[in-house]
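# Have a look; sequence and predicted model below, questions after that.
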Amino acid sequence: MVRETSLSPDDFIYPLFVTFGKGVKKEILSMPGCFQESVDKVVKNAKEVFSLNIPSVILFGIPEHKDEMGSGAYDEHGVVQNAVKAIKDAVPELYVITDVCMCEYMSHGHCGLVRNGEVENDPTLELLSKEAVSHAKAGADMVAPSDMMDGRVRAIRLALDREGFKDIPIMSYSAKYASAFYGPFREAAESTPQFGDRRSYQMDPPNRIEALKEVALDIEEGADIVMVKPALAYLDVISDVRNTFNVPVAAYNVSGEYSLVKAAGRLGWIDEQRIMMEILTSIKRAGANLILTYFAKEAAKILNK
Ligand code: PBG
């Protein structure tokens, strides 16, 4: 009766990795229980997600070819575009979010256009806008830019409005830190930068006040939901954002946070299920309204009992 925080499958957004081909379901080594899946398999997975009362998924793409323009990102027959169409056909009530970023589609693995060894902010905005519009055309319910280029929320908002998608909301990865916790994801999405790192566009982990500035800018540019990422090592930031702004706050319980728990669980060093529920509860208690998590299906199975 007096419990202050309760979790529900409604809180979760489940990440899915879509790859090319047919009949492909390849487990990600450092993320047990998570897979790279071709469109046919990802549809099956999406049905299962919905049957567990999880309302939403977020899609990441692993294209067949990568190049210096990231052309797979805005190809109308790209992996994500095809997956969106197939999932919306099979499970129309499932809310489909797409991750908007260039890193999975660029041969060099950076989140933007590279010239003379530098990531160029402004020319990248056009590519991101094209990518967001192509996801909306495929039927995405919401787009989620994760690249951390300055000004991308406004650019994407304008492009969506211009193309007739004024009702498609934007969930922005607003306070995204340059974190080592993304390691396993980069294996999953095959998006490790081939040179340098992401520190010129992602945030410096020691900075807390700067997160509020990043969030404020994104809201001003038109973000409907703002995100803090990673979650567990940044609960203070989630709490600050929740207490400062009046828009929904999402938190991304990222790959490294998942892998740590899975590895220790396999070694028998922790009670994996209890730790999972405690971590998810703490993210919600800190103030997140929505939690993107690889634990979503497992946690939902417990919560649905
Ligand atoms: C890509 C992106 C990343 C994640 C989500 N979108 C990786 C990165 O910025 O390197 C990380 C998710 C995770 O670790 O679970 N822009």
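Right, received. Where do you want to start?
# C-alpha only now, for contacts and for neighbours.
Will do.
# Would you mind listing what in the stretch 101-250 of the chain touches the ligand?
101, 103, 146-147, 181-182, 185 (C-alpha under 6 Å from any ligand atom).
# Considering the residues you listed, which is situated nearest to the ligand?
Y182 (3.4 Å; C-alpha to the nearest ligand atom).
# Contact partners for that closest one?
254-256 (C-alpha atoms under 8 Å, 6 or more residues apart in numbering).
# Can you tell me which of those end up in strands?
Of the contacts of Y182, none are assigned to strands by DSSP state E.
# These also near the ligand: which ones?
254-255.
# Of the residues of the stretch 101-250 of the chain next to the ligand, which pair is most distant in space?
Spanning the widest gap among these are C101 and F181, at 18.0 Å by C-alpha to C-alpha.
# Please identify which of the two sits among more neighbours.
In terms of neighbours (other C-alpha atoms under 10 Å), C101 is the more surrounded of C101 and F181; the figures are 27 against 22.
# Leaving out chain neighbours, which residue sits closest to that one?
Leaving aside its sequence neighbours, C101 sits nearest to D147 (C-alpha to C-alpha, 6 or more residues apart in numbering; 5.1 Å).
# For the residue most central in space within the chain, what are phi and psi?
Nearest residue to the geometric centre of the chain (C-alpha atoms, centre = their mean): D99, 5.4 Å. Main-chain dihedrals, D99, degrees, to the nearest 10: phi -80, psi 130.
# contacting residues around it?
For D99, the contact set (C-alpha under 8 Å, 6+ apart) comprises 58-60, 143-146.
# List the ones among those residues that fall in strands.
58-60, 143-145.
# Just the pLDDT at the residue nearest to the centre of the chain, thanks.
Note on D99: pLDDT of 97.
# try M277
Reported pLDDT for M277: 98.
# list the contacts for it?
A299.
# Secondary structure class of it, three-state.
helix (DSSP: H, G, I helix; E, B strand; the rest coil).
# Roughly how far does it sit from A175?
24 Å (C-alpha to C-alpha, to the nearest Å).
# List just the nearest of the contacts of D99 to the ligand.
S146 (4.8 Å).
# what's the closest non-adjacent residue to that closest one?
S146's closest residue in space is Y173 (C-alpha to C-alpha, 6+ apart), at 5.0 Å.
# What of V241?
The nearest residue in space to V241 (C-alpha to C-alpha, 6+ apart) is L212, at 6.4 Å.
# burial count for the residue lying closest to A90 once chain neighbours are set aside?
Distances taken as C-alpha to C-alpha, 6+ apart put V43 closest to A90, at 7.1 Å, once the chain neighbours are dropped. V43 is flanked by 22 other residues according to other C-alpha under 10 Å.
# List the contacts of V43.
V43 neighbours (C-alpha under 8 Å, 6+ apart): 83, 86-87, 90.
# That one should be in a helix, yeah?
Yes - counting by three-state DSSP, V43 falls inside a helix.
# Relative to the ligand, how far out is it?
Relative to the ligand, V43 is positioned 21 Å away (C-alpha to the nearest ligand atom, to the nearest Å).
# Tell me the one of the contacts of Y182 nearest N207?
V254 (18.8 Å).
# now D197, what's its secondary structure?
coil.
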